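[1] Have a look at this prediction, sequence included:
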There are 2 protein chains.
Amino acid sequence: MNRLASDTYALHRPELHTALTRGDREIDKLMQPNPRRFRARQELAVQGDPLAHVFRLHEGWCARVRSLPDGRAQIITVSLPGDLVGLKGMFLAEQVDAIYALSDVTALTVEQSRLREAMRADPDVATRISFQLVDEERRLHNRVVRLGQADAGERIAAMLVSLRARLVRAKLLPQDARAYRLPMTQVQIADFLGLTPVHVNRVFRRLREEGLAKFGSGLVDLLDLDRLARLALPVQDSFERAAPR
Amino acid sequence: MNRLASDTYALHRPELHTALTRGDREIDKLMQPNPRRFRARQELAVQGDPLAHVFRLHEGWCARVRSLPDGRAQIITVSLPGDLVGLKGMFLAEQVDAIYALSDVTALTVEQSRLREAMRADPDVATRISFQLVDEERRLHNRVVRLGQADAGERIAAMLVSLRARLVRAKLLPQDARAYRLPMTQVQIADFLGLTPVHVNRVFRRLREEGLAKFGSGLVDLLDLDRLARLALPVQDSFERAAPR
DNA sequence: CGTTGCATTGAGTGTTGTCAAGCTCTGTGG
DNA sequence: CCACAGAGCTTGACAACACTCAATGCAACG
């Protein structure tokens, strides 16, 4: 079954579409049949671990976390179902970050070496992998812009809006959905945005008071999506999206 | 002539070494023979431009800049001689950032379409390109950690130390060099680090007063490299480096 | 029912930003 | 040779956004 929706690659080079679609399918074929399961708070990969395989997230969210010796921590990226996780490890000798389950997770796995071989044998697989890397890079660029320039309100608005957009792209939310499950604590959100939990909480309150969004029990409701989107830095990521699946 | 030094890929998967070396050479063969020249402050690519080719920086530095409608700007990455610039454009439909010459620049170019074809035809080229993307991603991860967690002093120290390391890796500086040309104004440094120029200046003064570094006329001198490195967040990028060349 | 993790709020502090002025240096034109 | 303009650097005084510390409430869970 091809899980790739027709417009998943929209806004990217159309001439790559067929190669990407096929490459994606080929990668799925390489995956080991039995998915691995992790509970929330478990680590899919440990900081320092060489990490022998690549994951395709099936259910649940996970985060790449860098912990500093003094206790600070930064969540670098959040991965959603459909994303390929751990590609970087195919090329680098060390795993410098932990990969952490934000919720219960199921994921398919493939040996790094197998995927590397497939990449050499099949140009479509190579294209698909490069595409995933480029897409992550695009999101990281946006993230750098926001961490560098946005204040707390803008950061939070941007996060809420862009996660929603990714979920929609990944067909995990209907086009017009306004609420979604956000399986992150305020502490984790703070680590993601480079703020303190206390301040995240205050901004949440403000958004609530101004009728922009509602929070509670792992759910967000973006009451006024337009104003939130305007609050978020006008960073070009209306097409922020999860990896195709 | 193979400009690839033997240990350029050190700390990365050794089994990739030959593929990377050969892929790198093949990419060089695709480059158009006559280099393009840009003056400092000129744009190699304009925000919005579709950007038809990929650059290999030969001399000079350039920066990827995102400008916001309200006047804020963020320098997302800095590229040094040897780096491949504009790979992302091979996959994405729009150029959302400008690429800006920080100094006078000469660069070789290759048509995007040609490089894409080579990527499909030659697995080593694909490996080399994926490697470059992974390497950029690694640096972006470090950047996110610093923008999220580091204070002004840590950010500046990290920048000085890591640029030095990249120059050394690219063989543009001897292993033990302490001073180097930094072709960026304090305003540009501020935009790179997400600080204000005024504050950058204050931190520079502090570093000067404490005998950690000296600044002047486009030159930095890292007087006390050890202490600077300790000041910088202990982010694992002692192997921060420019792309191989 | 304690305990534990998470959310919430207040009061006070501090790092960084804002505004504004003056400085140095360089190049240019009178 | 001097006057001037412009770009970049430097500094001070003040304001603000975000952080720290601390306490409380509130679930979920053993």
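    Cool, got the structure.

[2] Does DNA strand C have contacts with stretch A:202-210?
    Yes. Stretch A:202-210 is in contact with DNA strand C by Cβ under 7 Å from any atom of the strand, via A:Arg202, A:Phe204, A:Arg205. From N, CA and C alone the C-beta is placed, and that goes for glycine too.

[3] and the residue minimising distance to the centre of chain A, what are its bridge partners?
    With distances taken as Cα atoms, centre = their mean, the residue of chain A nearest its centroid is A:Ser79 (2.8 Å). With DSSP bridges as the criterion, A:Ser79 is bridged to A:Cys62.

[4] Next up, the contacts around it.
    Shown in contact with A:Ser79 (Cβ atoms under 8 Å, 6 or more residues apart in numbering or on different chains): A:Leu57, A:Trp61, A:Cys62, A:Ala63, A:Arg64, A:Val85.

[5] How about A:Pro35: what's its closest non-neighbour residue?
    Spatial nearest neighbour of A:Pro35, excluding adjacent residues (Cβ to Cβ, 6 or more residues apart in numbering or on different chains): A:Thr106 at 4.6 Å.

[6] now the helices for chain A?
    Counting by DSSP state H, one finds helices in chain A at the ranges A:17-30, A:112-121, A:123-149, A:152-169, A:186-193, A:197-209, A:225-231.

[7] Of the ones you listed, which is nearest B:Ala165?
    Closest to B:Ala165 of those, according to Cβ to Cβ: helix A:123-149, at 19.3 Å.

[8] The closest one and DNA strand C in contact?
    No. Contact of helix A:123-149 with DNA strand C (Cβ under 7 Å from any atom of the strand) is absent, the minimum separation being 9.0 Å.

[9] starting at the chain centroid, how far to that helix?
    Its chain's C-alpha centre and that of helix A:123-149 lie 11 Å apart, by Cα atoms, centre = their mean, to the nearest Å.

[10] do the same with stretch A:80-99
    Taking the mean of its C-alpha atoms, stretch A:80-99 sits 12 Å from the chain's own mean (Cα atoms, centre = their mean).

[11] how about the residues of chain A that lie near DNA strand D?
    Counting by Cβ under 7 Å from any atom of the strand, chain A comes close to DNA strand D at A:Asp151, A:Ala152, A:Gly153, A:Gly194, A:Leu195, A:Thr196, A:Val198, A:His199.

[12] Pick the one among these closest to B:Arg138.
    Using Cβ to Cβ, A:Gly194 comes nearest to B:Arg138 of these, at 19.0 Å.

[13] Run a quick neighbour tally on the closest one.
    With neighbours defined by other Cβ atoms under 10 Å in any protein chain shown, the count for A:Gly194 comes to 23.

[14] Report the contact partners of it.
    Counting by Cβ under 8 Å, 6+ apart, A:Gly194 touches A:Gln74, A:Leu147, A:Arg155, B:Leu147, B:Gly148, B:Gln149.

[15] let's see it at 6 Å
    Remark: with contacts taken as Cβ atoms under 6 Å, 6 or more residues apart in numbering or on different chains, A:Gly194 is in contact with A:Leu147, B:Gly148.

[16] got it, and A:Val105?
    By Cβ under 6 Å, 6+ apart, the contact list for A:Val105 reads A:Phe38, A:Gly60, A:Cys62.

[17] any idea how far A:Ala45 lies from DNA strand D?
    Distance of A:Ala45 to DNA strand D, computed by Cβ to the nearest atom of the strand, to the nearest Å: 26 Å.

[18] Now do the same contact list for the residue of chain A most remote from its centre.
    Most distant from the centre of chain A: A:Glu209, at 28.7 Å, with distances by Cα atoms, centre = their mean. By Cβ under 6 Å, 6+ apart, no residues touch A:Glu209.

[19] Relative to A:Arg116, how far out is it?
    52 Å (Cβ to Cβ, to the nearest Å).

[20] circling back: surely the residue nearest to A:Pro35 touches A:Glu59?
    Yes. With contact defined as Cβ atoms under 6 Å, A:Thr106 reaches A:Glu59; the gap is 4.6 Å.

[21] So, low pLDDT: which residues of chain A?
    A:1-12, A:234-245 (pLDDT under 70).

[22] Tell me the residues of it that contact DNA strand C?
    Within chain A, the residues that sit near DNA strand C (Cβ under 7 Å from any atom of the strand) are A:Thr185, A:Gln186, A:Val187, A:Pro197, A:Val198, A:Asn201, A:Arg202, A:Phe204, A:Arg205, A:Phe215, A:Gly216.
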